[in-house]
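Novice: Sharing a sequence plus its predicted fold:
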Amino acid sequence: MAIKKKSFAEIKGKFSKQAKFKTDRFFDLGDAFLDATGLPGPAMGHINMFLGHSDTGKTTALVKTAVDAQKKGILPVFIITEQKWDFPHAKLMGLEVEELVDEETGEIEYEGFFLFNNQFEYIEQITDYINELLDAQKKGELEYDLLLLWDSVGSVPCKMTFDGKGGKQHNASVLSDKIGMGLNQRISGSRRVDSQFTNTLVIVNQPWVELPDNPFGQPKIKAKGGESVWLNSTLVFRFGNQKNAGTNPLSAVKSGRKVKFATKSKVSIMKNHVNGLGYEDGKIIVTAHGFLKGKDAAEEKKSLEQYKNEYAEYWNNQLGEGGDFDIKEGPSEYKDEE
C-alpha cells in the first residue's frame with residue numbers, strides 16, 4: 001500500500017512560523033551626525049550603545065536623541081547613574097524643559113515631557129524600574145512609546161558588589177541576566193507589528209582598553225559591564241579613538257579670558273545589526289548646542305564660523321563682553337589610529 005506524502009507547503013504551514021516586524025526607524029540627531037556616521041541616530045525598538053572615552057560626545061548624542069523623541073511624541077526616560085546630569089545644558093541643546101523655583105526654599109525643579117530618575121544604587125534597581133515602566137505600559141497606565149536613556153551602565157555596581165561582597169565579574173553576571181535574558185526580549189519584542197508600542201533603550205558606556213597580545217597588535221576598545229552589554233546591543237556607536245579620547249578641545253578667547261567652546265571628536269559605527277550600514281571614519285564637532293559638521297579642515301572652518309555667528313550673543317555672555325573673539329586649539333589627541 002502506497003503511503004501518501006504530505007506536500008512541503010502543508011508541512012511548512014504547520015511548522016514554520018515567522019514574526020512580522022515594523023519598518024526600521026531611527027532617531028534623528030541632525031545632519032552633522034548623519035554625515036559622520038551614515039545613520040540618523042539610534043534605531044527604534046532596539047538596544048543601542050554610545051561607547052567612548054570621557055568628553056567625546058556621548059552625552060550630547062544622548063540629549064539630542066531625547067530632543068528628537070519629544071518632537072515625535074515618544075516619552076524620554078532619563079536613567080542617570082553618573083550624577084553629572086545638567087538640565088540647563090540639556091535645554092541649550094533643545095530639550096523642552098521648564099525651570100520651576102520654589103519661592104520659599106529656592107529649590108529648583110525641572111518639568112517637561114520626560115521622566116527622570118537618578119535614585120539608583122545598583123543595577124537591579126535600574127532593571128526593576130525599566131520593567132516597572134514596561135509593565136505599566138502593558139496595563140494601559142503609560143500610553144506612550146518609551147525612549148529609555150541610561151547614563152551610564154559602567155558607573156553602577158550590582159547589589160552584591162554594592163554590599164561589598166562582589167566584584168566586576170558579579171556586575172557582568174547580573175547585566176547578562178537582567179539585560180540578556182530579560183530586557184533584550186522586551187525591547188526587541190516591541191518591534192513586532194502586533195505590539196502597540198515601540199520601546200528603545202540607549203546605553204551610554206565608557207570603555208576599557210584591552211592591550212594587544214603581541215608587539216605588533218593594536219589595543220582594542222571593550223565595553224564596561226562585560227560582553228553581555230555588547231552582545232545585546234544591536235547598534236553601537238563609538239566616540240573618539242580606541243586607546244584614548246582622540247579629541248581636540250577648542251577655546252573661545254577674548255581679552256585674556258578663555259572658555260571651552262567646542263571639541264573636535266570622532267564617531268563611527270562599531271556594530272550594526274539593523275541594516276549593516278554606517279561609516280567607520282566619521283569626524284564631528286561637539287558644542288554646547290549640539291553637533292557640527294567637520295569631515296575636513298574646510299568644513300570645520302565653515303561650521304565653526306557659522307556656529308560662532310549664530311550663537312554670538314551666548315558666547316559673548318560667557319566671555320563677559322561683546323565683540324568678536326578668537327578660537328584657539330588646545331592639546332590634541334585628534335589623529336587617526338593605525
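Specialist: Looks like it arrived, so ask away.

Novice: And the helix or strand of the chain with the lowest mean pLDDT, what does it pack against?
Specialist: Lowest on mean pLDDT, DSSP states H and E among the helices and strands of the chain sits strand 220-223, with a mean of 77. If contacts are counted by 3 or more CB pairs under 8 Å, 6 or more residues apart in numbering; DSSP states H and E, strand 220-223 sits against strand 47-52, strand 207-210, helix 227-232. Any C-beta I mention is one placed from the backbone N, CA and C, and that applies to glycine too.

Novice: out of those, nearest to residue 153?
Specialist: For the helices and strands packed on strand 220-223, the distance to residue 153 is smallest for helix 227-232, at 6.0 Å, taking CB to CB.

Novice: How many residues are close by residue 92?
Specialist: Residues near residue 92, counting by other CB atoms under 10 Å, number 16.

Novice: residue ranges of the strands in the stretch 201-338 of the chain, please?
Specialist: 207-210, 220-223, 235-239, 248-254, 257-272, 282-287, 290-293, 326-329 (DSSP state E, counting those that start in this stretch).

Novice: Could you export those to a markdown table, including columns for mean neighbour count and distance to residue 39?
Specialist: Below are these laid out as a markdown table (neighbours: other CB atoms under 10 Å; distance: least, CB to CB, whole Å):
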| stretch | mean neighbour count | distance to residue 39 |
| --- | --- | --- |
| strand 207-210 | 14 | 20 |
| strand 220-223 | 18 | 19 |
| strand 235-239 | 26 | 8 |
| strand 248-254 | 18 | 24 |
| strand 257-272 | 20 | 7 |
| strand 282-287 | 24 | 10 |
| strand 290-293 | 22 | 13 |
| strand 326-329 | 12 | 29 |
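
Novice: To residue 31, which of these lies closest?
Specialist: Of all these, it is strand 290-293 that lies closest to residue 31, at 7.0 Å by CB to CB.

Novice: Name the residues that touch the closest one?
Specialist: Strand 290-293 has contacts (CB atoms under 8 Å, 6 or more residues apart in numbering) with 29-33, 35-36, 57, 60-61, 64, 93-94, 262, 284-285, 299, 302-304, 306-307.

Novice: now the end-to-end length of stretch 181-201.
Specialist: 15 Å (CA to CA, to the nearest Å).

Novice: What residues of that stretch count as buried?
Specialist: Using 16 or more other CB atoms under 10 Å as the burial criterion, the residues of stretch 181-201 that qualify are 183, 184, 187, 188, 190, 191, 197, 198, 199, 200, 201.

Novice: Pick out the most distant pair among these.
Specialist: Largest separation among the buried residues of stretch 181-201 by CB to CB: 184 and 197, giving 16.5 Å.

Novice: What segments of the stretch 51-200 of the chain are strands?
Specialist: Secondary structure of the stretch 51-200 of the chain (DSSP E, counting those that start in this stretch): strands located at 75-80, 98-101, 108-111, 115-117, 146-151, 200-205.

Novice: what number of residues lie near residue 106?
Specialist: By other CB under 10 Å, neighbour count at residue 106 equals 7.

Novice: Check the one 5 residues further on too.
Specialist: Applying other CB under 10 Å, we find 11 residues neighbouring residue 111.

Novice: Model confidence score at the nearest residue to it once chain neighbours are set aside, please.
Specialist: Spatial nearest neighbour of residue 111, chain neighbours left out: residue 98 (4.9 Å); criterion: CB to CB, 6 or more residues apart in numbering. Residue 98 is assigned a pLDDT of 97 by the prediction.

Novice: same check, this time on residue 168
Specialist: For residue 168, the pLDDT comes out at 81.

Novice: cool, and residue 218?
Specialist: pLDDT recorded at residue 218 is 73.

Novice: wait, what's in contact with residue 238?
Specialist: 51, 52, 221, 267, 268, 269, 270.

Novice: And residue 69, by the same measure?
Specialist: By CB under 8 Å, 6+ apart, the neighbours of residue 69 are 27, 75, 76, 147.

Novice: Look up how far residue 48 lies from the closest residue to the third one other than its chain neighbours.
Specialist: Taking CB to CB, 6+ apart, and ignoring the residues beside it in sequence, residue 76 has residue 66 as its nearest neighbour in space, at 4.0 Å. Residue 66 sits 13 Å away from residue 48 when distances are taken as CB to CB, to the nearest Å.

Novice: mind giving me JSON lines with the buried residues of stretch 181-201 and columns for distance to residue 314 and pLDDT?
Specialist: Converted to JSON lines, the buried residues of stretch 181-201 look like this (distance: CB to CB, whole Å; pLDDT from 0 to 100):
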{"residue": "183", "distance to residue 314": "39", "pLDDT": "95"}
{"residue": "184", "distance to residue 314": "41", "pLDDT": "95"}
{"residue": "187", "distance to residue 314": "37", "pLDDT": "97"}
{"residue": "188", "distance to residue 314": "41", "pLDDT": "96"}
{"residue": "190", "distance to residue 314": "39", "pLDDT": "98"}
{"residue": "191", "distance to residue 314": "40", "pLDDT": "97"}
{"residue": "197", "distance to residue 314": "37", "pLDDT": "98"}
{"residue": "198", "distance to residue 314": "36", "pLDDT": "98"}
{"residue": "199", "distance to residue 314": "35", "pLDDT": "98"}
{"residue": "200", "distance to residue 314": "31", "pLDDT": "98"}
{"residue": "201", "distance to residue 314": "33", "pLDDT": "98"}
